[in-house]
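Participant: Just need the structure, nothing else, for what follows:
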Amino acid sequence: MNLFSPTELGRLSLPNRIVMASMARTRSDEDGVMGNLNAEYYAQRASAGLIIAESAWVSPMGRGLEHSPGLCTEAQISGWKRVVDAVHEKGGKIFAQLWHCGRVSNPHLIGGETPVAPSPIAAYGKIRTPEGFVKFPVPRALETDEIQGIVSEFEAASKNALDAGFDGIELHAGGGYLIDQFLQTGSNVRRDQYGGLSANRCRILFEITEAVSRVWGSDRVGVKLTPSNRDFGMIDADPMIVFTKAVTGLSDMGIAYLHMVDPLENDRKEGDVLKDNAQRFKPYFKGKMIASGGFDLEKAEMILENEGADLVSFGRLFIANPDLPERLRLKRPLNTHDPETFYGEGAEGYTDYPFMESHPYLRLVEE
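Facilitator: Below you'll find the model as predicted:
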């Protein structure tokens, strides 16, 4: 098994084990609709074994970033269909990623409403608003009878992803966003069936996974977890307990894959408890394991050779190298990414990174 060998992922046959990670690029329009430029960006990267598209909010209350896409309206579905069709025309496979930002938001993004969360504990840090950067507000704790509404929003968005033609979906259950907020004790001090014991804190994750699996079938569903993430003040009293519970429960549900993320080296914090998460949790999971977290070719080949993961996802390398799989296979030099253009508008730093001269995408464009 190596990075360039084919593999099965649920019902899908993938030509290689290279995954393009979901990355926010803030280039949808102000209504969360994707367009032709987005379609070009993703089509350029269709040689990945699998593309996981940038997070799409499942409801207007789930939005936490300006110019991020949604999957709620007919216009948003049509925009994503343009993207999916462009990827499929180049022979690629693409999953939607669904998220709800929960407390990591601000009223100006969600129609003046107060962000919702498991408990009234503010996220750590600041968010950009029209008035400048401000601290995250104290969220409103969801009532118990509201939580099934959140589950239904994920289910509805998964149906919209199906209508848009995606090949499957990934639930963003990490990153400090709503599902993750339920999982961890630093953001969840509830006393109902969604708080307290690890089984209760995992309940919404399992309910959402079950709901979207009814739409797609469990073998076209993946889940992303970030046990080491400390962004937005995320912390848990005993992360190994709750994340083992989450992983074993998801394994029993038969989902296609688990996407386990480690922090990048320069993002690691003193006292981090969990590292090498793909290898750590792989024994508890029956499906495929995707490892993520600052991999290069050597590290990716090593984790596959040691059977610590089945696939490897790449983020920033894919931003600057649309033909990343071919560059890695031929061991060609890589373009350097420009962090100043990660987020913004237009083609700069988005669709203007060069391909190798021999890349087939260029020949298709020329023809």
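Participant: for the longest helix seen in the chain, packing partners?
Facilitator: Looking across the chain with DSSP state H, the single longest helix is helix 147-164. Here helix 147-164 touches helix 74-89, strand 94-99, strand 168-172, helix 203-216, going by 3 or more C-beta pairs under 8 Å, 6 or more residues apart in numbering; DSSP states H and E. Yep, even glycine has a C-beta here, placed from its N, CA and C like the rest.
Participant: Tell me which of the ones you listed lies nearest to residue 260.
Facilitator: Closest of the helices and strands packed on helix 147-164 to residue 260 is strand 168-172, at 12.2 Å (criterion: C-beta to C-beta).
Participant: what angle sits between the longest helix of the chain and strand 94-99?
Facilitator: Orientation check (axes from the mean of the first three to the mean of the last three C-alpha atoms, to 10 degrees): helix 147-164 against strand 94-99 gives 160 degrees.
Participant: what comes up buried for helix 147-164?
Facilitator: By 16 or more other C-beta atoms under 10 Å, the buried positions in helix 147-164 come out as 147, 150-151, 153-162, 164.
Participant: Nearest to residue 46 among the residues you listed?
Facilitator: Closest to residue 46, out of all of the buried residues of helix 147-164 and judged by C-beta to C-beta, is residue 164, at 16.2 Å.
Participant: model confidence over stretch 284-298, on average?
Facilitator: Throughout stretch 284-298, pLDDT has a mean value of 96.
Participant: First-to-last residue distance for it?
Facilitator: 26 Å (C-alpha to C-alpha, to the nearest Å).
Participant: How far off centre is that stretch?
Facilitator: Here stretch 284-298 is found 14 Å from its chain centre; the criterion is C-alpha atoms, centre = their mean, to the nearest Å.
Participant: Please apply the same query to stretch 63-70.
Facilitator: 14 Å.
Participant: Let me see the mean pLDDT of the longest helix of the chain.
Facilitator: 98.
Participant: which sections of the chain are below the confidence cut-off?
Facilitator: 264-274, 358-367 (pLDDT under 70).
Participant: Can you lay out the buried residues of helix 147-164 as CSV showing distance to residue 93?
Facilitator: Output for these, formatted as CSV (distance: C-beta to C-beta, whole Å):
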residue, distance to residue 93
147, 32
150, 28
151, 27
153, 25
154, 22
155, 23
156, 23
157, 19
158, 17
159, 20
160, 19
161, 14
162, 15
164, 14
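Participant: Report the inter-axis angle for the longest helix of the chain versus helix 203-216.
Facilitator: Using the same axes, to 10 degrees, helix 147-164 lies at 30 degrees relative to helix 203-216.
Participant: export helix 147-164 as CSV, just CAs?
Facilitator: This file holds the C-alpha atoms of helix 147-164, laid out as CSV (Å, rounded to 0.1, in the frame of the first residue of the first chain):
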residue,chain,number,x,y,z
ILE,A,147,-31.8,19.9,19.3
GLN,A,148,-33.8,17.7,17.0
GLY,A,149,-34.2,20.8,14.8
ILE,A,150,-30.5,20.9,14.4
VAL,A,151,-30.4,17.3,13.5
SER,A,152,-33.1,17.9,10.9
GLU,A,153,-31.1,20.8,9.4
PHE,A,154,-28.1,18.5,8.8
GLU,A,155,-30.5,15.9,7.3
ALA,A,156,-32.0,18.5,5.0
ALA,A,157,-28.6,19.8,3.9
SER,A,158,-27.5,16.3,3.2
LYS,A,159,-30.5,15.9,0.8
ASN,A,160,-29.4,19.1,-0.8
ALA,A,161,-25.9,17.7,-1.3
LEU,A,162,-27.4,14.7,-3.0
ASP,A,163,-29.4,16.9,-5.3
ALA,A,164,-26.2,18.8,-6.1
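Participant: residues in contact with it?
Facilitator: Helix 147-164 has contacts (C-beta atoms under 8 Å, 6 or more residues apart in numbering) with 56, 58-59, 62, 71-72, 76-78, 80-81, 84, 96, 98, 100, 142, 169, 171, 178, 194, 204, 207-208, 211-212, 214-216.
Participant: In PyMOL, how would I select the buried members of those?
Facilitator: With 16+ other C-beta under 10 Å as the criterion, this PyMOL line picks the buried residues out of the contacts of helix 147-164:
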select buried, resi 56+58+59+62+71+72+76+77+80+81+84+96+98+100+142+169+171+178+194+204+207+208+211+212+215+216
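Participant: Can you list the residue ranges for helices in this structure?
Facilitator: Under DSSP H, the chain gives helices at 36-44, 74-89, 147-164, 178-183, 198-201, 203-216, 239-252, 277-281, 297-305, 316-320, 324-330, 360-366.
Participant: Mind putting the ones you listed into a markdown table with distance to residue 134?
Facilitator: As requested, the helices of the chain are exported to a markdown table (distance: least, C-beta to C-beta, whole Å):
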| stretch | distance to residue 134 |
| --- | --- |
| helix 36-44 | 29 |
| helix 74-89 | 27 |
| helix 147-164 | 25 |
| helix 178-183 | 20 |
| helix 198-201 | 29 |
| helix 203-216 | 28 |
| helix 239-252 | 29 |
| helix 277-281 | 32 |
| helix 297-305 | 38 |
| helix 316-320 | 28 |
| helix 324-330 | 37 |
| helix 360-366 | 42 |
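Participant: Understood, closing this out.
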